[in-house]
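Student: kindly return the folded structure for what I paste below:
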Amino acid sequence: MIAVLGIIQAGGNLWLILAMTPGVMSAHYLVEYRTHFTNYHQLVILGVGATEQLCLIMSICSVALFFPDSTGCYTHELFSVAGYPIRGIELIVVIAFSSGFHYNAENMYYGWQEAKDKAYATKCLLPYLQFFAMMVASSYSRFYQARSMRFIILCGLFLLYANANLNLCTMAKRKYDWFFVEPFVFLALVALDCNSVFSDRDQFLLYFSVFSWILVKYLLFMRAVVD
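Tutor: Modelled structure (predicted):
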């Protein structure tokens, strides 16, 4: 995710980041979600799976290797649509978003549709929605424009942890504990950040504490799985 965003020079552009997220970052949670309710691990939809989708993005991104200005080639106008210039950056974003959105939406739909307990199935989507809430809320931080990648890593770590729990519950055929307090803590920290309650240093330490908390929980979880 970070590499692709760097190639398209996303910086702190929230809309570019969110457009790339379904295809590059959040897809696997809904793969596990569908598996949890159908006992079928669906990776390919209409001939396009997670591997194929990422290969499309990586192939386009690799084009930069053949240009002297490297990733600057993506800023060149390729053609125009209704007077709007289309660059390599727009091409990557459109392909990534359209394929990723379709892949996420179909897995979500069939997972929910096959669930016998619709209320439980809806609750299992909460961590996925919390992840996107964290991504959007991050943009309100005073550090976001200069440190957006750090926020993406923090949000991604939470989704990784939630996804690992869902995967284990699916394999063990147990109910998923869908409630996570970490996103609420993060959103509270962003609110404090917006109101400049703490100094830059103290606010950074609070964010780092949440990151460390999730990381330690994830590592302990993985150790328990391995043992």
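
Student: hey, let's count contacts and neighbours off CA atoms from now on
Tutor: Noted.

Student: most remote residue from the protein's center?
Tutor: Within the chain, the residue lying farthest from the chain centre (CA atoms, centre = their mean) is G83, at 32.0 Å.

Student: any figure for the gap between that residue and E90?
Tutor: Shown here: G83 relative to E90, a distance of 14 Å by CA to CA, to the nearest Å.

Student: can you map out the strands along this protein?
Tutor: Assigned by DSSP state E, the strands in the chain fall at 44-45, 48-49, 77-81, 84-87.

Student: and the first one, average pLDDT?
Tutor: What it means is strand 44-45. What strand 44-45 shows for mean pLDDT is 62.

Student: let's number from 11 now, not from 1
Tutor: Got it, the first residue is 11 from now on, which makes the last one we talked about strand 54-55.

Student: isn't A125 right up against A131?
Tutor: Yes: counting by CA atoms under 8 Å, A125 does reach A131; the two are 6.3 Å apart.

Student: so where's the longest helix in this structure?
Tutor: The residue-count maximum for a helix in the chain (DSSP state H) belongs to helix 154-182.

Student: list the buried ones in it?
Tutor: By neighbour count with 16 or more other CA atoms under 10 Å, helix 154-182 contains the buried residues 154, 158-162, 164-180.

Student: what's the spacing between it and its chain's center?
Tutor: 7 Å (CA atoms, centre = their mean, to the nearest Å).

Student: swap in stretch 98-114?
Tutor: 14 Å.

Student: for A172, see how far away L101 is.
Tutor: Taking CA to CA, one finds L101 at 31 Å from A172.

Student: for the protein, what spans make up the helices?
Tutor: Using DSSP H, helices in the chain cover 12-17, 24-34, 37-48, 60-72, 98-124, 128-133, 136-148, 154-182, 192-204, 210-236.

Student: most packed of the ones you listed?
Tutor: helix 37-48 (a mean of 23; mean count of other CA atoms under 10 Å).

Student: so what touches that one?
Tutor: 50-53, 60, 110, 113-114, 117-118, 120-122, 124-125, 134-135, 138, 169, 173, 176-177, 179-180 (CA atoms under 8 Å, 6 or more residues apart in numbering).
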